[in-house]
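A.B. asks: Fold the stuff below for me.
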Amino acid sequence: MYPTPQEKAVVEAAEKIMIDTMARYDPSHDKYHVQRVRKTALSLAKAQPSPPDLLTVELAALLHDVLDKKYVTPEQAADPYSFFLPFFEEMASLHGVDMVKDGRARTIAQIVDNVSWSTEKKLRVHGKWSQWHEKCVELHCVQDADRLDAIGAFGIMRCASYSTVVNHALHTPDDDPRHENTAIQHFHDKLLHICDRLKTEPGKKMGGKRHRVLLDFLAAVDDEYNAVIVRD
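C.D. replies: Below is the predicted model of the structure:
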């Protein structure tokens, strides 16, 4: 039964790394975002016909934003396996869970390196989306969980939060020079496309509901921006 006491100790150690790191980031990428992703990723994993390795899913979910390219240098983000290797080695020494030896450490690092929307987009454009990307259920669970938190009610709040941090306008007229970098434009550039790119069946069901939240929100924005008067 997952987790064993040893696995629980590893998860707690990974969570401490995550909390210490995310404290430096903004509310769109804080520990609460990661905790939601962890919860959703595990729910998706447990709903699979053949459940994947839950420790791999949980650790990848917890660590997926530690090296987010929006917050660290390209050099820091270049090699997740080397970055996390001391952690995995310490877990083997302290708790007897040797994920380096059994290969899960490399899988977790590979998920961290491939979880993002922009990474997937670039890999597909350059023909580098591989069979591993297509078949790794642990990757799919973490990817879907992360993307689900980018849509729906939390996604709307996170988009507004990050826009504030980087000083992007929330909404502008179409001919405004800042229009392409507004929060609302981000919905059209990315968020509205997420539902169609979810990979797990339970994730797709959750995504459909959250996608409708986005559509309703955008309709409300248009009404308010255009000062629509509702007639009785």
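
A.B. asks: immediately after the lowest-mean-pLDDT helix or strand in the chain, which helix or strand?
C.D. replies: Scoring the helices and strands of the chain by mean pLDDT, DSSP states H and E places helix 74-77 at the bottom, with a mean of 86. Scanning forward in sequence from helix 74-77 by DSSP states H and E, the next helix or strand is helix 80-95.

A.B. asks: From the chain's centroid, how far away is that next one?
C.D. replies: Centroid separation for helix 80-95 versus its chain: 22 Å, with CA atoms, centre = their mean, to the nearest Å.

A.B. asks: ok, and what's touching stretch 75-82?
C.D. replies: Around stretch 75-82, the neighbours that count as contacts under CB atoms under 8 Å, 6 or more residues apart in numbering are 67-69, 83, 105-106, 109-110, 112-113. No exception for glycine: its C-beta is placed from N, CA and C like everyone else's.

A.B. asks: switch the cut-off to 7 Å
C.D. replies: 67, 69, 106, 109, 112-113 (CB atoms under 7 Å, 6 or more residues apart in numbering).

A.B. asks: again, but for stretch 122-141
C.D. replies: Against stretch 122-141 from outside (CB under 7 Å, 6+ apart): 41, 44-45, 48, 52-53, 56-57, 60, 107, 111, 114, 199-200.

A.B. asks: Of those residues, which pair is most distant in space?
C.D. replies: 48 and 114 (18.7 Å; CB to CB).

A.B. asks: Quick check on those two: which one has the bigger neighbour count.
C.D. replies: residue 114 (21 against 16; other CB atoms under 10 Å).

A.B. asks: so how far is the host helix or strand of residue 157 off the chain centroid?
C.D. replies: Secondary structure assignment for residue 157, by DSSP H and E: helix 152-165. Centroid separation between helix 152-165 and its chain, computed with CA atoms, centre = their mean, is 14 Å.

A.B. asks: Buried residues, it. List them.
C.D. replies: For helix 152-165, the neighbour count (16 or more other CB atoms under 10 Å) marks 152, 154-156, 158-163 as buried.

A.B. asks: That one packs against which elements?
C.D. replies: Judged by 3 or more CB pairs under 7 Å, 6 or more residues apart in numbering; DSSP states H and E, the packing partners of helix 152-165 are helix 183-189, helix 201-225.

A.B. asks: most neighbours per residue, which of these?
C.D. replies: Stretch with highest mean neighbour count among the helices and strands packed on helix 152-165: helix 183-189 (a mean of 17; mean count of other CB atoms under 10 Å).

A.B. asks: For it, which outside residues touch it?
C.D. replies: 159-160, 163, 168, 170-171, 179, 214, 218, 221.

A.B. asks: and if we set it to 8 Å?
C.D. replies: So helix 183-189 is contacted by 159-160, 163, 168-171, 179, 214, 218, 221 (CB under 8 Å, 6+ apart).

A.B. asks: pLDDT added to those, as JSON lines?
C.D. replies: Shown next, in JSON lines, are the contacts of helix 183-189 (pLDDT from 0 to 100):
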{"residue": "159", "pLDDT": "98"}
{"residue": "160", "pLDDT": "97"}
{"residue": "163", "pLDDT": "97"}
{"residue": "168", "pLDDT": "96"}
{"residue": "169", "pLDDT": "96"}
{"residue": "170", "pLDDT": "96"}
{"residue": "171", "pLDDT": "96"}
{"residue": "179", "pLDDT": "94"}
{"residue": "214", "pLDDT": "98"}
{"residue": "218", "pLDDT": "98"}
{"residue": "221", "pLDDT": "97"}
